[in-house]
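Trainee: please work out how this folds:
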Amino acid sequence: MMQSTQTMIRQGYTKRKIRLISVNILLIILTLCICGAMLIYGKTIYSLDTVIRVLSGEEIQGANFAIETLRLPRMLCGLLAGLAFGIAGNTFQTMLRNPLASPDIIGISSGSSIAAVFCILVLHMSGSGVSIAAVLSGIIVSIFIYVLSKGSGFSGGRLILIGIGVQAMINALISYLITKASQYDVSNALRWLSGSLNGASIESVPILSVVVVIFGVIILGLTKQLQILELGDEFSTTLGVKINLIRILLIISSVFLIAFATSVTGPIAFVAFLSGPIASRLVGLGAPNVLSSGLVGALLVLGADMIGQFAFSTRFPVGVVTGILGAPYMLFLLIVINRRGQA
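Mentor: Next up is the predicted model:
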């Protein structure tokens, strides 16, 4: 009897592992396919052979500018930002045990946005200056939210509520700045706030790559501890997890991912919010889904950008498309949570 139970457990574990590996491989293949499609398609459609030759360093008249200067930075920034949003969003949702605990809902993305809007509208800055200010502001606002939520002990629910309040305050400040700015500056600020890959440049790729690799690897390395934290502080302490240290490492890593990604693309709506739940559905409940969430985030950003560019007669920023996708899900989630609360 015991042998039979152990066999069933091993078989279940093997099935879950095979499912996880299969889903991740499929997500990687889909991501590579859409990356290739972004390099191939545009006003001029180039063959895959032409794209490979250009990326190999060959000079092809007209193709080099379109592929290397316009499409490649756009694709790489979308890929890296999607990975960052997906991993960070899933980390917050898992750690705080609440699907609403997404960085773009609890004020972290807004923290980067307020500095960027201030720089654009008041200081008339652009480029790397705006990005640096957005990163610093995102980190400062995150620390502010964490300190306010700490109190006598850490509370995920308190952090979410304070984060939502801080976001509302920041959004009010952003609205005030927009109403007082000139019409020309407002269009630049709104373009940044909508979340877009239009301003992506190859100069942003190295630093964003380093940030995604370093802090993504840290979160991947803490996957087991993150799953244990989902059980609650008492169970985590019983199982030997240093909850304060692990939580701080996860929060710092996630904040850096969000801040740097937002500084490059703007606050792309709902990618961090959607990636974790979609990944959980794909790999199965209880399976480690950090990498899967990052890949889903990359697919959402790249796919939404392709839709925004080519599916309509008018081109839309990627954040508009993800907002249309994410808003109904958020309403559905709120209804579900409300019904569970009533039950």
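
Trainee: these two touch, right, residue 76 and residue 207?
Mentor: No. Counting by C-beta atoms under 8 Å, residue 76 does not reach residue 207; the two are 12.0 Å apart. For every residue, glycine as well, the C-beta is placed using N, CA and C.

Trainee: from the contact counts, what lies against the top helix by length along the chain?
Mentor: Longest helix of the chain, by residue count under DSSP state H: helix 2-40. Contacts defined by 3 or more C-beta pairs under 8 Å, 6 or more residues apart in numbering; DSSP states H and E place helix 2-40 against helix 48-55, helix 72-95, helix 271-283, helix 290-310.

Trainee: buried residues of that helix, list them for me.
Mentor: 16, 20, 23, 24, 27, 30, 31, 34, 35, 38, 39, 40 (16 or more other C-beta atoms under 10 Å).

Trainee: what's in contact with stretch 236-253?
Mentor: For stretch 236-253, contacts defined as C-beta atoms under 8 Å, 6 or more residues apart in numbering pick out 88, 91, 95, 142, 146, 154, 215-216, 218-219, 222, 225-226, 228-229, 231, 233.

Trainee: mind checking which of those are in helices?
Mentor: Filtering the contacts of stretch 236-253 for helices - DSSP H - leaves 88, 91, 95, 142, 146, 215-216, 218-219, 225-226, 228-229, 233.

Trainee: closest to residue 8 out of these?
Mentor: residue 228 (23.8 Å; C-beta to C-beta).

Trainee: pull up the gap between the closest one and residue 235, please.
Mentor: 7 Å (C-beta to C-beta, to the nearest Å).

Trainee: out of those two, which sits in the busier spot?
Mentor: Neighbour count, other C-beta atoms under 10 Å: between residue 228 and residue 235, residue 228 has more, with 19 against 12.

Trainee: the more surrounded of residue 76 and residue 207?
Mentor: Neighbours per residue, other C-beta under 10 Å: of residue 76 and residue 207, the larger number sits with residue 76, 20 against 16.

Trainee: what sits against the more buried one?
Mentor: Taking C-beta under 8 Å, 6+ apart, one finds 200, 202, 205, 209 in contact with residue 76.

Trainee: please produce CSV containing the ones in helices among the contacts of stretch 236-253, extended by pLDDT and distance to residue 47.
Mentor: Converted to CSV, these look like this (pLDDT from 0 to 100; distance: C-beta to C-beta, whole Å):
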residue, pLDDT, distance to residue 47
88, 93, 37
91, 93, 40
95, 87, 45
142, 86, 45
146, 83, 50
215, 95, 37
216, 94, 33
218, 95, 40
219, 95, 38
225, 89, 47
226, 87, 43
228, 85, 50
229, 82, 49
233, 73, 56
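
Trainee: now for those, which sits with the most neighbours around it?
Mentor: residue 88 (35 neighbours).
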